[in-house]
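**Q** Have a look at this prediction, sequence included:
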Amino acid sequence: MSYPRTICVAAVLVTFFAVLAACSGDNKPPVTPTSSATEVVGTTSPPTTIATSGTPIASAPIIQPGPDLGDVRGPVLVYETGRSLESLVAYDLGRQRVVWRLDRPLADPDPILSFAAFDDGVAMNTRLRVYWQPLDGSPAEVLIEAKPDWVDFTTISGSPDKHLLAVSVRRPTTPLGTPTPTGQAFRVTGSVLFYDLTQRREVTEVTGNDEVPLREGWLSWREDGRGVVLNSYTNSERPGPEYGVFLDGSAVAYNVDGFTYLAPNGTRLVHGLNTLGCEAIASHDFYVRDLDRGIDVAEIHNDQVQYTGYDWSPDSREFLFEIRPHLPDARCLPSPPDYAVLNTETGLVQAVADLEALYKRWYGSGVLWVECNDEFLPLATASYGNRTAYCEGADGAAAENTLRYDQLAIDRGLFFRIVGLID
């Protein structure tokens with residue numbers, strides 16, 4: 001089948017290197033999302049952290065140059081691929097050739113976790129360092145190293161003007177009070193570091209507190225460049241809280257619920273999607289929140305069906321979602337879904353019969369998609385992280401597919417995740 005499925009197995013695969021515990025297999029009870037910095041852990045020992053002292057630090061990443069290194073026409077598509085997304089590829093769309101490839105070994109003591117594409121290179125982070133890899137293939141440069149009062153880095157994101165880098169930082173946990181029969185409470189906070197790539201200096205670090213803890217997670221820049229939205233992780237199948245973190249040093253906790261889908265402009269967000277008791281994102285309703293005004297501007301509700309979010313239009317006005325009949329035995333995502341688009345400005349919903357036609361209307365040319373079982377499957381924004389797609393075979397397992405830019409065939413593999421396009 002070529003329809004997308006937002007299931008736990010897929011979520012783990014496409015977020016492996018972000019250490020996102022979206023699907024927990026240890027049968028721990030869910031941790032309810034909260035903006036509080038306090039977390040109760042069922043043990044009298046602190047949560048496991050990675051020491052910054054004595055931990056092996058890998059040498060700088062080494063790229064494998066392609067045939068046209070130094071002779072790039074552009075634009076250059078940067079994407080992750082591989083069974084566990086273990087490889088990063090820079091592909092010259094103009095010359096239709098690989099510029100370079102970087103493989104990150106799974107056994108690396110300090111593996112690369114995330115990437116951000118800029119005009120002349122790619123930033124990447126391990127737990128303890130942030131690197132800069134120039135597009136011309138010259139050696140990687142260390143931009144930032146973990147400080148003694150940091151535990152590690154989790155993810156990074158590049159600003160719309162390609163000048164600033166935002167880094168999610170995990171900070172040490174501290175015990176609160178004495179242990180109780182149910183466990184020990186800990187203060188869990190993090191921070192977001194803003195770094196100027198043009199001047200190679202730190203701009204500011206916004207540190208979490210009890211009200212706005214800024215726990216580590218995915219970062220997405222606002223289109224206006226004022227700051228980022230932080231989608232935090234949890235140690236369960238439940239989504240984490242959302243925060244706004246700004247260059248002026250301020251931060252705010254957004255009062256939203258469930259799994260979320262952030263619009264490209266960073267100021268609107270779909271929320272309220274949960275799981276209906278099964279391992280899939282599906283709900284009877286969802287809402288569109290204006291983050292700056294703190295109000296919902298649109299909503300959808302129907303007890304007879306289940307909704308799953310899919311993608312935003314590039315202008316942040318329309319939201320594409322899936323519709324399936326509700327099954328009383330809590331089975332989720334029966335195939336195939338119907339599609340519809342919500343216009344978040346008018347509140348009107350329109351059925352979508354042809355996904356390819358919709359994406360051509362949205363983007364014109366330059367549509368990124370995968371050919372899955374000879375059908376069109378768009379690379380869409382997940383409920384966290386970068387654009388990706390999950391192609392399922394007849395046996396229900398992940399199937400090989402072809403990554404395409406319009407009709408240009410770029411690569412073939414099991415999984416692809418888009419880092420960015422360098423003009």
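**A** Ah, there it is.

**Q** In this structure, where's the longest helix?
**A** helix 355-363 (DSSP state H).

**Q** Contacts made by the helix or strand following that helix with the rest, please.
**A** For helix 355-363, the succeeding helix or strand toward the C-terminus, using DSSP states H and E, is strand 368-372. With CB atoms under 8 Å, 6 or more residues apart in numbering as the test, strand 368-372 has contacts from 2, 77, 356, 359, 376-379, 387, 389, 391-392, 399, 401-405, 409, 416, 418. (Glycine included, C-beta is placed from N, CA and C.)

**Q** Equivalent analysis for stretch 217-225, please.
**A** Against stretch 217-225 from outside (CB under 8 Å, 6+ apart): 18, 20, 154-161, 164, 166-168, 192, 227-233, 240, 247, 262, 264-267, 316, 384-385.

**Q** those strands in the stretch 51-200 of the chain, which residues are they?
**A** Ranges of strands within the stretch 51-200 of the chain are 64-65, 76-81, 87-92, 97-103, 114-117, 121-125, 129-134, 141-145, 152-158, 164-170, 174-180, 183-187, 190-196, based on DSSP state E, counting those that start in this stretch.

**Q** Mean neighbour count, mean pLDDT and distance to His271 for those - can I get that in CSV?
**A** CSV is the format used below for the strands of the stretch 51-200 of the chain (neighbours: other CB atoms under 10 Å; pLDDT from 0 to 100; distance: least, CB to CB, whole Å):
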stretch, mean neighbour count, mean pLDDT, distance to His271
strand 64-65, 14, 70, 41
strand 76-81, 23, 93, 27
strand 87-92, 23, 92, 31
strand 97-103, 19, 89, 35
strand 114-117, 24, 90, 23
strand 121-125, 24, 92, 27
strand 129-134, 20, 92, 30
strand 141-145, 16, 93, 32
strand 152-158, 23, 92, 20
strand 164-170, 25, 95, 20
strand 174-180, 11, 74, 29
strand 183-187, 17, 68, 26
strand 190-196, 21, 95, 21
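
**Q** follow-up on the earlier one: can you list which of the contacts of strand 368-372 are found in helices?
**A** 356, 359.

**Q** Buried subset of the contacts of strand 368-372, written for PyMOL?
**A** Selecting only the buried entries of those in PyMOL, with 16 or more other CB atoms under 10 Å as the criterion:
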select buried, resi 2+77+359+376+377+378+379+387+389+391+392+399+401+402+403+404+405+416+418
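
**Q** By mean pLDDT, which helix or strand of this structure comes out lowest?
**A** Ranked by mean pLDDT, DSSP states H and E, the weakest helix or strand in the chain is helix 8-14, scoring a mean of 33.

**Q** which stretches of the stretch 301-423 of the chain aren't confidently modelled?
**A** Scanning the stretch 301-423 of the chain for pLDDT under 70 picks out the ranges 327-335, 382-385.

**Q** what's the burial count for Lys147?
**A** Other residues near Lys147 come to 10 when the count uses other CB atoms under 10 Å.

**Q** Which one of the strands of the stretch 51-200 of the chain lies nearest to Asn255?
**A** Nearest of those to Asn255, taken as CB to CB: strand 190-196 at 19.4 Å.

**Q** Past that closest one, which element shows up next along the chain?
**A** Toward the C-terminus from strand 190-196 - assigned by DSSP H and E - lies strand 201-207.

**Q** contacting residues around that next one?
**A** Contacts of strand 201-207 (CB under 8 Å, 6+ apart): 144, 164, 169, 171, 189, 191-196, 214, 245-247, 249-251.

**Q** let's see 6 Å
**A** Contact with strand 201-207 is made by 191-196, 245, 249, 251, as judged by CB atoms under 6 Å, 6 or more residues apart in numbering.

**Q** which of the residues in it are buried?
**A** Burial within strand 201-207, assessed by neighbour count using 16+ other CB under 10 Å, is assigned to 206-207.

**Q** Could you give the separation of that strand from the chain centroid?
**A** How far strand 201-207 lies from its chain's middle: 22 Å, per CA atoms, centre = their mean, to the nearest Å.

**Q** what's the average pLDDT for it?
**A** Averaged over strand 201-207, pLDDT sits at 96.

**Q** quick one, it and strand 141-145 angle?
**A** 30 degrees (axes from the mean of the first three to the mean of the last three CA atoms, to 10 degrees).

**Q** Pairing partners for strand 201-207, with directions?
**A** Using DSSP bridges, strand 201-207 pairs in its sheet with strand 190-196 (antiparallel).

**Q** and the partner strand with strand 121-125, angle?
**A** Counting by the same axes, to 10 degrees, strand 190-196 lies at 160 degrees to strand 121-125.

**Q** Check what contacts strand 190-196 and list those residues.
**A** 164-167, 169-171, 202-208, 214-216, 245, 247.

**Q** so how many other residues sit close to Leu414?
**A** By other CB under 10 Å, neighbour count at Leu414 equals 17.

**Q** ignore the last one, Leu408
**A** Using other CB under 10 Å, Leu408 is surrounded by 11 other residues.

**Q** wait, what's in contact with it?
**A** Residues in contact with Leu408 (CB under 6 Å, 6+ apart): none are found.

**Q** Right, I'll leave it there.
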